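**Student:** Dropping a prediction and its sequence here:
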Amino acid sequence: MTARELARRIEVPHTTVMGWLQKGQVPGAKAENVGDFKVWVIPVEVVSSYPAWRPKRGRPPAKKAKKGGAK
C-alpha cells in the first residue's frame, strides 16, 4: 500500500502520513526507489493496528532547564 492509500484508509491528511513516514513512525514501512522516484511501501496490516501505533499529537514537552543557569 502507498502513503496516499494509507492516508485515505485511516482518514488522515496525506501530508501527515508523509511526515510520519519520514520520521520512521509507521511500522514496517520501507522507502523504495522506482526510477527517479521514492515510493513508500506500507504493509496492509498497519491499517488494522493504526490506533496502537499512532504518534502522539502536539508539541513534545519542553526540557527542564538546569538550575543556576548562565548569568
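**Tutor:** Sure, I can see it. Numbering: from 1, shown residues only.

**Student:** Please count neighbours and contacts with C-alpha atoms only from this point.
**Tutor:** Will do.

**Student:** Mind checking what secondary structure N33 has?
**Tutor:** strand (DSSP: H, G, I helix; E, B strand; the rest coil).

**Student:** Which residue is the nearest non-sequential neighbour of it?
**Tutor:** With C-alpha to C-alpha, 6 or more residues apart in numbering as the criterion, N33 has its nearest non-adjacent residue at 6.1 Å, and that residue is V39.

**Student:** Can you list the strands that the helix or strand hosting that neighbour pairs with?
**Tutor:** V39 belongs to strand 37-41 when assigned by DSSP states H and E. Using DSSP bridges, strand 37-41 pairs in its sheet with strand 30-34 (antiparallel).

**Student:** what does the partner strand contact?
**Tutor:** Residues from elsewhere that reach strand 30-34 (C-alpha atoms under 8 Å, 6 or more residues apart in numbering): K38, V39, W40, V41, I42.

**Student:** number of nearby residues for the nearest residue to the first one once chain neighbours are set aside?
**Tutor:** Once flanking residues are discounted, K38 sits nearest to E32: 5.6 Å by C-alpha to C-alpha, 6+ apart. Counted with other C-alpha atoms under 10 Å, the neighbours of E32 add up to 11.

**Student:** Next: A3.
**Tutor:** 19.

**Student:** Nearest to the middle of this protein, which residue? Look it up for me.
**Tutor:** Geometric centre of the chain, nearest residue: W20, 1.3 Å, by C-alpha atoms, centre = their mean.
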